[in-house]
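Colleague: Model the structure of this input:
(one chain, ligands or ions: 1)
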Amino acid sequence: MARTRETGRPYEYVTYAPAGYTCGKCRKPIPTDTPCRRGDIERTSSSPVAVYWHQECATKAGGAK
Ligand SMILES: [Zn+2]
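Modeller: All right, here's what the predicted structure looks like:
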């Protein structure tokens with residue numbers, strides 16, 4: 001899978017969320033036909049978990065720094 005590095009942050013890129021995912025910030029469902037931001041959250045006890053945000057939410061959550 002090709003990754004884009006638009007944010008300059010590793011493990012975070014623009015993609016489409018699988019059906020049924022909700023935004024990691026606002027908790028609202030993410031439409032499958034809308035580009036969103038994906039990240040991998042590392043867990044100490046298990047493998048990384050994929051998290052998706054609306055692009056607007058990802059920006060508000062700290063991407064604007
Ligand atoms: Zn959101």
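Colleague: Only C-alpha atoms from now on, for both contacts and neighbour counts.
Modeller: Will do.
Colleague: List phi and psi for residue 57.
Modeller: Dihedral pair for residue 57: phi -70, psi -40, per degrees, to the nearest 10.
Colleague: Find the nearest non-adjacent residue to the one residue sitting closest to the centre of the chain, please.
Modeller: Nearest to the geometric centre of the chain sits residue 38, at 2.2 Å (CA atoms, centre = their mean). Among residues not flanking residue 38 along the chain, residue 52 sits closest, at 4.5 Å (CA to CA, 6 or more residues apart in numbering).
Colleague: On the strand side of things, show who that neighbour bridges to.
Modeller: residue 23, residue 38 (DSSP bridges).
Colleague: thinking again about what came up before, looking at the residue nearest to the centre of the chain now. What's its pLDDT?
Modeller: Listed pLDDT for residue 38 reads 91.
Colleague: on that earlier part again, test my guess that the residue nearest to residue 38 contacts residue 35.
Modeller: No - if you go by CA atoms under 8 Å, residue 52 and residue 35 don't touch, sitting 10.1 Å apart.
Colleague: more crowded one of these two?
Modeller: Higher neighbour count among residue 52 and residue 35: residue 52, with 27 against 15, using other CA atoms under 10 Å.
Colleague: what's the distance between the more buried one and the ion?
Modeller: 9 Å (CA to the ion, to the nearest Å).
Colleague: One more: residue 37?
Modeller: Applying CA to the ion to residue 37 and the ion gives a distance of 10 Å.
Colleague: and that residue, what does it touch?
Modeller: When contacts are counted by CA atoms under 8 Å, 6 or more residues apart in numbering, residue 37 touches 12, 13, 14, 15, 16, 52, 53, 54, 55, 58.
Colleague: And the helix or strand containing the second one, what does it pack against?
Modeller: In this case it means residue 13. Per DSSP states H and E: residue 13 is located in strand 12-16. Counting contacts by 3 or more CA pairs under 8 Å, 6 or more residues apart in numbering; DSSP states H and E, strand 12-16 packs against strand 35-41.
Colleague: Run the angle between the strand it packs on and strand 12-16 for me.
Modeller: Here strand 35-41 points in a direction 130 degrees away from that of strand 12-16 (axes from the mean of the first three to the mean of the last three CA atoms, to 10 degrees).
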